[in-house]
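> Sequence and predicted structure below; questions after.
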Amino acid sequence: MSRRRGAGIVPAIGWSLPVFVLATGLSTARADELSDLRANQELLQRRIDQLAQVPPPAPPPGGPGGPVTAGSFPRSFVIPGTEVSLRVGGQGVGSVLWYLKGNAVGGALSGQGSYNETYNDGQGGTGNLPGIPLNTHTFSAGPGAAVGNAHSRSSSWHFSGKQSRVFLDARTPSPYGEVKAYIEFDFSASNTNTILNNNQGSVNGYIPRFRQGYATLGGLLAGQTQGTFTDNDSDPELLDFGGTTASLFVSRTPQVRYTYPLAYGMSVAVAAENPSPNFAGPFGTFFTDTNQIPNMAACSALTTPAIGGATGTATIGGTTVASNITNACLGNAAFFNPSQDLAPNFVARWRIEQPWGHIQVGGQTILYTLNDGMFLNKQYLGYGGAISGNFFTWGKDNLTWSVGGGDGLGDGISNNIGVATNFGGRLGGQAVNATDSRSFFSTNRAFYDSLVSATTIVSWGAKIGYQHWWTPTLRSTIDFSINHSDVPGSLTQAAVGGSTGAAASNKELSLSHVNLIWSPVAFVDLGVEGAWGHRVVVSNVKGDAWTLQSSLKFRF
């Protein structure tokens, strides 16, 4: 009964009693009895007022309008009216990165521009490391112009918040096991071929990046998430958003996976994953999904007056360069990309988790196909395996490690190469420059394709890290990682003289970090980290990078 209805009933009861008594002929001599009735009325009024203060009973938990209750897993809540537990989480991050030396340069100034937005914030395996400027990398504006060194422009500062992310994690029980939906995104999309004009102004070109999105039903998973071969628990805790090199890959890939639990904390998993084989060629490394610049058509090179010769040719340094050809206005690595996905990557994994840590063993196969739509159609099978894990030593100290390798394993180990090919190179003694109408590539494709060769690459990688807790809120991590690919230089020679491919394809990458991280309150990390990266290409030219990085992170 509501307070308003109680207030209406009380006067009705209280005033009807004396009216009834008077109507029956109650005499004034019995006024004392009437006073008693009025006193009882006041007592009744107070009692009903007290009852009106009692709140109405709450609806059943989880029902419409009910209170929010704790969910089935940490930091989640039950969506009212359902049995679904939902967690809204993520992180806010601010990062300051100082390249003392070795910042991968951008496209301005003939490839010697400022910070390269293709890479993540940091010089890790998915960051700056594969693009460290080489120590002999020089550029020239033209004949007679001054020559500069790439390292003279490789020191820079970079402030960023694009590693901030948000995720939704929803779970509910079912007769077939837990049902789960997970969606996550951040703002760290690679901006290759995109100019972020005035990136330090009031706005910038950062866009949301889809990181993960998948659904599970018991042990069955479908969608995009960490690869089955991947073992994030074997990675050290770093401020470098690019992580280590030689990490077990592929990270966050579309897949279908089934995991079966075993006794003693063990499990096995099998998966078919989205293929994304990587190659090394005359124009450097590329993936199947390497694309040309959107909406860009072919264009003709301008006819240049000869230097001491007729119009239509140019004699430079004693070499006659023909100019009556058609060039594609797009990246050569994209134009000469014959890779084709004909089968998924197949992965199998065994894992054990115990209070002392974990161990994981995995294997993977990758099918590489070269098909240019004409007379080239060759296939190569790559394979490899890895073992990884972590051990808690004393207290909360943690040792992380992994080692893996194979023949054609490619990006199963981050930054390794799967297949090397000479397709697009100088075959039959003739150079190929995009759609050069005079070359065998255009006039005699059958002959050109017969000269194409390729081979799977033997590669390996390893990493180790150790974390020590100085206090319950202060910790440090030191690590070292290395990966190596035996890429043959003979298959990566440039299309037009020189050794562009051999200088662009990485043979070995090394990386080391040391940091100090403080967590003054729960879910907050404030730290500083130094890193050294080392790059060696197939032609044995080297480059080094040194960075200092600091970040403030709040995980929610």
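Cool, the structure landed.
> can you give me the strands for the stretch 351-500 of the chain?
With DSSP state E, counting those that start in this stretch, the ranges of strands along the stretch 351-500 of the chain come out as 357-371, 377-392, 398-407, 419-421, 454-456, 458-471, 474-485.
> quick one, which of those strands is packed in tightest?
Neighbour counts (mean count of other CB atoms under 10 Å) averaged over each of the strands of the stretch 351-500 of the chain peak at strand 419-421, with a mean of 25. Quick note: C-beta positions are derived from backbone N, CA and C, even for glycine.
> Please convert the strands of the stretch 351-500 of the chain to a markdown table, extending it with mean pLDDT and distance to residue 513.
As requested, these are exported to a markdown table (pLDDT from 0 to 100; distance: least, CB to CB, whole Å):
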| stretch | mean pLDDT | distance to residue 513 |
| --- | --- | --- |
| strand 357-371 | 96 | 21 |
| strand 377-392 | 96 | 17 |
| strand 398-407 | 97 | 12 |
| strand 419-421 | 92 | 30 |
| strand 454-456 | 94 | 31 |
| strand 458-471 | 97 | 8 |
| strand 474-485 | 97 | 5 |
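> out of those strands, nearest to residue 124?
Closest approach to residue 124 among the strands of the stretch 351-500 of the chain (CB to CB): strand 474-485, 8.9 Å.
> which neighbours does that closest one have in its sheet, and in what orientation?
Applying DSSP bridges, strand 474-485 is found paired with strand 458-471 (antiparallel), strand 506-518 (antiparallel).
> got the angle for the first one vs strand 398-407?
Interaxial angle, strand 458-471 versus strand 398-407 (axes from the mean of the first three to the mean of the last three CA atoms, to 10 degrees): 170 degrees.
> quick one, domains of this structure?
Domain assignment for the chain by automatic domain parsing gives 3-52, 77-253+260-293+330-555.
> And the longest one, end to end?
The separation between the terminal residues of domain 77-253+260-293+330-555, taken as CA to CA, to the nearest Å, is 17 Å.
> Relative to residue 351, how far out is residue 489?
Noted for residue 489: a distance of 39 Å to residue 351, by CB to CB, to the nearest Å.
> swap in residue 444?
Using CB to CB, residue 444 is found at 53 Å from residue 351.
> Touching, residue 406 and residue 461? I think so.
No. Counting by CB atoms under 8 Å, residue 406 stays clear of residue 461, with 10.2 Å between them.
> Give me the below-cutoff pLDDT ranges for the stretch 151-300 of the chain.
Along the stretch 151-300 of the chain, the model assigns pLDDT under 70 to residues 151-152, 190-205, 290-300.
> Tell me where it has strands.
156-160, 165-172, 179-186, 209-217, 220-225, 253-261, 266-273, 278-281, 284-287, 298-300.
> Tell me which of these sits most buried.
Comparing those by mean count of other CB under 10 Å gives strand 278-281 as most buried, with a mean of 26.
> Is it possible to get CSV of the domains of the chain that adds distance to residue 69?
Listed next are the domains of the chain as CSV, based on distance: least, CB to CB, whole Å:
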stretch, distance to residue 69
domain 3-52, 28
domain 77-253+260-293+330-555, 5
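> Mean neighbour count, those: which tops it?
Here the criterion is mean neighbour count by mean count of other CB under 10 Å, and of the domains of the chain the winner is domain 77-253+260-293+330-555, at a mean of 18.
> shouldn't residue 381 be in contact with residue 409?
No. Residue 381 is beyond contact range of residue 409, at 11.1 Å (criterion: CB under 8 Å).
> Need the residues touching each of those two.
Residues touching both residue 381 and residue 409 (CB atoms under 8 Å, 6 or more residues apart in numbering): residue 366.
> that older thread, select, out of the strands of the stretch 351-500 of the chain, the one closest to residue 161.
strand 474-485 (22.9 Å).
> and the closest one, C-alpha only, in CSV?
Output of strand 474-485 as CSV, limited to C-alpha atoms (Å, rounded to 0.1, in the frame of the first residue of the first chain):
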residue,chain,number,x,y,z
LEU,A,474,57.6,-1.8,-7.7
ARG,A,475,59.1,-4.2,-10.3
SER,A,476,61.6,-4.5,-13.2
THR,A,477,61.9,-6.6,-16.3
ILE,A,478,64.9,-7.3,-18.5
ASP,A,479,64.7,-9.3,-21.7
PHE,A,480,66.5,-10.3,-24.9
SER,A,481,65.0,-11.7,-28.1
ILE,A,482,66.4,-12.6,-31.5
ASN,A,483,65.2,-14.1,-34.8
HIS,A,484,67.0,-15.2,-37.9
SER,A,485,66.0,-16.0,-41.5
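> Quick check: the gap between the closest residue to residue 169 other than its chain neighbours and residue 489.
Excluding the flanking residues, the one nearest residue 169 by CB to CB, 6 or more residues apart in numbering is residue 87, at 4.4 Å. Residue 87 sits at a distance of 51 Å from residue 489 (criterion: CB to CB).
> With residue 526 instead?
For residue 526, the distance to residue 489 (CB to CB) stands at 46 Å.
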